[in-house]
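Chemist: Just the structure for this:
(one chain, ligands or ions: 3)
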Amino acid sequence: MTTLPAKTDKKLGLVIDLDTCVGCHACVISCKGWNTENYGAPLSDQNAYGADNSGTFLNRVHSYEVQPDVGAAQLIHFPKSCLHCEDAPCVTVCPTGASYKRVEDGIVLVNESDCIGCGLCAWACPYGARELDQAEGVMKKCTLCVDRIYNENLPEEDREPACVRTCPSNARHFGDLGDPDSAVSQLVAERGGMDLMPEQGTKPVNQYLPPRPKDTLPDAGHEFDVLAPFLEPIATEPKGFLSWLDKTLEKF
Ligand code: SF4
Ligand code: SF4
Ligand code: SF4
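Modeler: Numbers count the residues shown, from 1 in each chain. Ligands and ions are numbered 1, 2, ... in the order given. From the prediction side, this is the model:
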C-alpha cells in the first residue's frame, strides 16, 4: 500500500463552472488529443467506428435534466475528471506505489512503468475518475496536464491544462487552491464553490461552482409567445441614410 504526503506545498487543481458549461465536449476532445500525443501511453479506442465502441478518456461530460423545487427544469452539464484529492484512496490502495501524490504541487499521478493494471485504484475512487487502458493495460487518469503547465517549450499562454485552454465558455479555471489569494480561490469564495461528494472524506482539490437560478417569466400564468418580438411589423418607410439613398435614386 502507498502513503500520501502529510502536506503538499501547493494544491493545484481545476474550478469548473456548472453555470456556464454548455456541454460542448471541447474539453473532452482537447484532453484526449493532448494525452494521446504526449505524456505516457496513448489513450486507446476499441472498435471506434463500430456499434459497441469504447475508449479511454481522462475527462468526460455528463448531462442531466434537473428539476429545482421552484421554476422550470434546467439542463446541467457536468464535466468530470480526477479531483486530485488530498486524502486520495486511489493512492493508499495501490499495491506497487505506482499511484502517488506529489509533495510540490499536490497532483495525483500514475507511474505507468510500475502499474500492474490490477484496477484497485479505479475501484477505490468514488468519482469514477480512473480508466484502465484496454490496449496498454495501465491505469489512466487526469494528469492536470503536468506536461503542459511547467513546459518551457510552450508559449507562456499555453502553460495551462489543455481543457482549460480550449473551453469556449470559460467554464474551466486552473490554479493553486491552497493559496487563498489566488484567482481560483477567490472565484470559489465569491461563487460558493463546492466539494463533490464531501461525505466520501476524500477532500477533493477541484471545486465546482453551482449553476445560478434561471430567470423566470414575469407573468408565468399566461401563455408566452417566444416568436412575438420577431413578428412585430417592420417600418414601411425607410429612415436615415436609407431614406436619403431612396430619395436620391428616385431622381434618376
Ligand atoms: S478523484 Fe479519484 S482518482 Fe482522483 S485523486 Fe480522488 S480518488 Fe484518486
Ligand atoms: S487537466 Fe489535462 S489531463 Fe486533466 S482533464 Fe484537463 S486536459 Fe485532461
Ligand atoms: S469545453 Fe467548457 S463548455 Fe464545453 S463541455 Fe467542457 S467545460 Fe463545458
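Chemist: Which positions in the chain make contact with ligand 3?
Modeler: Counting by Cβ under 6 Å from any ligand atom, the residues of the chain close to ligand 3 are 21-27, 61, 77, 79, 166-167, 169, 171-172. In this view, the C-beta of every residue, glycine as well, is placed from N, C-alpha and C.
Chemist: Please flag which of the residues you listed sit within helices.
Modeler: 26-27, 166 (DSSP state H).
Chemist: What about these, which one has the most neighbours?
Modeler: Cys27 (26 neighbours; other Cβ atoms under 10 Å).
Chemist: residues contacting that residue?
Modeler: By Cβ atoms under 8 Å, 6 or more residues apart in numbering, the contact set of Cys27 is 59, 61, 79, 162-164, 166-167, 172.
Chemist: try 7 Å
Modeler: Residues in contact with Cys27 (Cβ atoms under 7 Å, 6 or more residues apart in numbering) are 59, 79, 163, 166-167, 172.
Chemist: Out of the residues you listed, name the two that are farthest from one another.
Modeler: Pro79 and Thr166 (11.7 Å; Cβ to Cβ).
Chemist: Provide the count of other residues in contact range of the residue lying closest to Ile116 once chain neighbours are set aside.
Modeler: Nearest residue to Ile116, sequence neighbours excluded (Cβ to Cβ, 6 or more residues apart in numbering): Thr96, at 5.9 Å. Using other Cβ under 10 Å, Thr96 has 13 other residues around it.
Chemist: which regions of the stretch 101-250 of the chain lie under the pLDDT threshold?
Modeler: 217-224, 233-236 (pLDDT under 70).
Chemist: Check the most centrally placed residue in the chain and give its pLDDT.
Modeler: Against the mean C-alpha coordinate of the chain, by Cα atoms, centre = their mean, the closest residue is Pro79 at 4.4 Å. On the pLDDT scale, Pro79 is placed at 98.
Chemist: Just list the residues touching the nearest residue in space to it that is not next to it in sequence, thanks.
Modeler: Among residues not flanking Pro79 along the chain, Val61 sits closest, at 4.7 Å (Cβ to Cβ, 6+ apart). Going by Cβ under 7 Å, 6+ apart, Val61 touches 23, 25, 28, 77-79.
Chemist: Would you mind measuring the gap between the ends of stretch 100-119?
Modeler: One end of stretch 100-119 to the other measures 15 Å (Cα to Cα, to the nearest Å).
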